[in-house]
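> Starting from these lines, generate the structure:
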Amino acid sequence: MRHRRRTGNEIKAALRDLRIQLVLLNHQVGGELALKDVDLDCLDILARDGPLTPSVLARRAGLHPATLTGILDRLEDAGWIARDRARPDRRSVTIRVLPDRGMEVFRLYQPMMSAMDDVLADYTEAELELIATFLRRSAAAGERVLGRSAVEN
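Below is the predicted model:
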């Protein structure tokens, strides 16, 4: 029981260490692109789940809609996103990342992605599935703690 607790604590400490490294990487990438961390977060959500309406993006990013409006204005002015109006109801808007700019972000994260590929190469398929399950369950635990779900619309 003591060993299990110690190993659990080591896992939590490693997750904190990883979080710090990812924050530092995001700061570096954001500095290269003249983007704030929250801008990168919104771009990431849009790249993975988009196009999205502003209200869905605000909910997924944990932002107040008024705050998101300023972020979207900044991203649109800098050529990162487009706001597309629906034909039948011109009030309805969806937001999407412009593909050229998305590749710019991808290029800056590529060294970390390559480093992660090197780390993952040491694991079996079964171990990779276990790690993926652990990470998905950890993300879901965070969503439960925050009282929201990434699948909300």
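> Which pLDDT does the model give the residue nearest the centre of the chain?
Centroid-nearest residue in the chain: residue 44, 4.5 Å away (criterion: CA atoms, centre = their mean). Here the pLDDT value assigned to residue 44 is 93.
> The one 3 residues further on too?
Here the pLDDT value assigned to residue 47 is 91.
> And residue 147, by the same measure?
For residue 147, the model assigns a pLDDT of 80.
> part of a strand, is residue 95?
Yes. Looking at residue 95 with DSSP: H, G, I helix; E, B strand; the rest coil, it is inside a strand.
> quick one on the thing from earlier: what helix or strand is the residue nearest to the centre of the chain on?
Taking DSSP states H and E as the criterion, the element that holds residue 44 is helix 37-49.
> Off-centre distance for that helix?
6 Å (CA atoms, centre = their mean, to the nearest Å).
> which residues touch residue 33?
40, 104, 105, 108 (CB atoms under 8 Å, 6 or more residues apart in numbering). C-beta: built from backbone N, CA, C; applies to glycine.
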